[in-house]
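Peer 1: Predicted model follows, preceded by the sequence.
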Amino acid sequence: MPAPSSRSALPSLFPIVAIALWSGNVMVSRLSAHTIDPYAITFWRLVLAVALMSLFVPAAAWRNRAAIVPQLPKLAFLGLLAMALFQCLSYEAAKTTTATNMAIMTALVPLLTMLLSVALLGETPTAGMAAGGVLSFAGLVWLITGGNPPALLAGGVHPGDLLMLGAGAAYALYGVLLRRWHVGLPSWQSTYFQAIAALLVMLILMLRLPLADALPNRASLPLIAYAGSLASVVLPFFWMQGVKHLGPNRCSMYMNLLPVFTAVLAVGCFGERLHAYHLLGGGVALAGVLLAQTWRAPLPVRRVATMPREPSCD
């Protein structure tokens with residue numbers, strides 16, 4: 001029966017398109033590294049994203065204002081994490097690391113999210129989290145040291161790799177807080193007010209830049225256009241549709257495709273070479289993420305038996 005098969009496969013296109021757009025955004029980060037200041041591109045992409053969402057969000061948001069106003073502090077902090085901190089760190093990281101490494105670091109977000117969920121949401125740790133965490137860490141060390149782990153002791157790690165890991169941690173915290181706080185708003189309205197909050201934060205930071213660095217130039221305009229429209233508006237739409245049809249857990253599995261798509265683009269656009277340590281370290285790190293997502297058995301906790309107290313002689 002081909003028709004039901006095609007219909008069941010259709011929802012998978014939503015996260016696939018989203019990840020393809022995300023890999024394009026990694027390319028934008030690399031291209032912007034020596035074209036525009038990280039604060040500036042983050043600010044201008046938010047200006048464009050808010051302008052585009054203002055075409056269709058405000059009317060519904062006004063009708064829902066009674067539910068939105070109490071959530072504004074939470075939305076502001078979420079926007080700071082995902083749309084300001086994550087983006088600024090990503091653009092800064094692009095100056096000293098490769099697009100392939102950036103994509104692999106980003107693909108670790110589901111694992112980081114699960115680990116933070118144990119600490120902040122009280123979720124039961126699983127055997128997959130423990131084994132996958134160790135496996136991913138080993139792969140990550142192999143990757144960022146270029147297949148030479150002793151380089152960690154010699155300070156041979158690219159600063160961009162550490163910045164990208166920090167960006168991934170910020171995005172993971174965003175995902176955990178989004179679940180913990182249950183803001184209960186339609187996705188577009190939540191995204192819109194997060195973007196406005198992030199824009200206000202970036203406006204303050206922009207005041208510190210010289211005017212020449214703050215203004216976009218001819219080379220950066222196409223990058224801002226992609227980041228502010230496709231990556232900030234179209235990508236979230238496809239991702240939200242994927243979560244709606246597949247659920248958050250199944251949808252997050254597609255993040256494992258990000259390094260694949262990005263590596264293909266990086267080889268074609270930047271001439272980046274794939275080395276054995278990319279394949280081994282990145283493959284092991286992603287295998288750890290996959291293991292953590294699929295091995296759901298609770299982690300056995302060894303309980304210490306308490307010895308019965310001897311009766312008192314008093």
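Peer 2: Done, it's in.
Peer 1: Is the residue positioned nearest the centre of the chain within a helix or a strand, and which one?
Peer 2: The residue lying closest to the centre of the chain (C-alpha atoms, centre = their mean) is residue 171, at 4.7 Å. In this structure, residue 171 sits in helix 159-181 according to DSSP states H and E.
Peer 1: Contacts made by that helix with the rest, please.
Peer 2: With contact meaning C-beta atoms under 8 Å, 6 or more residues apart in numbering, helix 159-181 is reached by 71, 74, 77-78, 81-82, 85-86, 89-90, 92-97, 101-102, 105-106, 108-109, 112-113, 115-117, 120-121, 140, 143-144. (Each C-beta comes from the backbone N, C-alpha and C, glycine too.)
Peer 1: Tell me which helix or strand comes right after that helix.
Peer 2: In N-to-C order, the element after helix 159-181 by DSSP H and E is helix 187-206.
Peer 1: Now do the strands in the chain.
Peer 2: Here the chain has no strands by DSSP state E.
Peer 1: Okay, now the unreliable bits of it?
Peer 2: 1-9, 151-157, 249, 301-314 (pLDDT under 70).
Peer 1: returning to that earlier point: now the helix holding residue 171, how far from the chain's geometric center?
Peer 2: 6 Å (C-alpha atoms, centre = their mean, to the nearest Å).
Peer 1: Show me which positions of that helix end up buried.
Peer 2: Within helix 159-181, the residues scored as buried using 16 or more other C-beta atoms under 10 Å are 160-178.
Peer 1: One more: stretch 274-281?
Peer 2: Under 16+ other C-beta under 10 Å, the buried positions of stretch 274-281 are 277, 278, 281.
Peer 1: ok, now which ones touch residue 94?
Peer 2: Counting by C-beta under 8 Å, 6+ apart, residue 94 has contacts 29, 30, 32, 33, 102, 160.
Peer 1: Which one (most neighbours) among the residues you listed?
Peer 2: If you count neighbours using other C-beta atoms under 10 Å, the busiest of these is residue 102, which has 29 neighbours.
Peer 1: That one reaches residue 29, doesn't it?
Peer 2: Yes. Counting by C-beta atoms under 8 Å, residue 29 is a contact partner of residue 102 at 6.7 Å.
Peer 1: which neighbours do those two share?
Peer 2: Jointly contacting residue 102 and residue 29 under the rule C-beta under 8 Å, 6+ apart are 90, 93, 94.
Peer 1: Show me which residues of stretch 121-141 are buried.
Peer 2: If you call a residue buried by 16+ other C-beta under 10 Å, then stretch 121-141 has these buried ones: 125, 126, 128, 129, 130, 132, 133, 135, 136, 139, 140, 141.
Peer 1: dump the residue contacts of the closest residue to the third one other than its chain neighbours.
Peer 2: It stands for residue 128. Of all residues not flanking residue 128 in the chain, residue 295 sits nearest, at 3.0 Å (C-beta to C-beta, 6 or more residues apart in numbering). By C-beta under 8 Å, 6+ apart, the residues touching residue 295 are 126, 127, 128, 131, 132.
Peer 1: closest to residue 20 among the residues you listed?
Peer 2: Nearest to residue 20 among those is residue 132, at 25.2 Å by C-beta to C-beta.
Peer 1: how near is that closest one to residue 256?
Peer 2: For residue 132, the distance to residue 256 equals 12 Å [C-beta to C-beta, to the nearest Å].
Peer 1: Please enumerate the shared neighbours of those two.
Peer 2: Common contact partners of residue 132 and residue 256 (C-beta under 8 Å, 6+ apart): 289, 290.
Peer 1: before we move on, the earlier item: need the max-distance pair from the contacts of residue 94.
Peer 2: 32 and 160, at 13.2 Å, using C-beta to C-beta across these.
Peer 1: The helix holding residue 171 versus helix 187-206: what angle between them?
Peer 2: With axes from the mean of the first three to the mean of the last three C-alpha atoms, to 10 degrees as the basis, helix 159-181 and helix 187-206 are set at 140 degrees to each other.
Peer 1: Ramachandran angles for the closest residue to residue 298 other than its chain neighbours?
Peer 2: Spatially, and ignoring its direct neighbours in sequence, residue 298 is nearest to residue 124 (5.3 Å; C-beta to C-beta, 6+ apart). Note on residue 124: its backbone torsions stand at phi -70, psi 120 [degrees, to the nearest 10].
Peer 1: which residues sit in contact with residue 124?
Peer 2: Contacts of residue 124 by C-beta under 8 Å, 6+ apart are 118, 298, 299.
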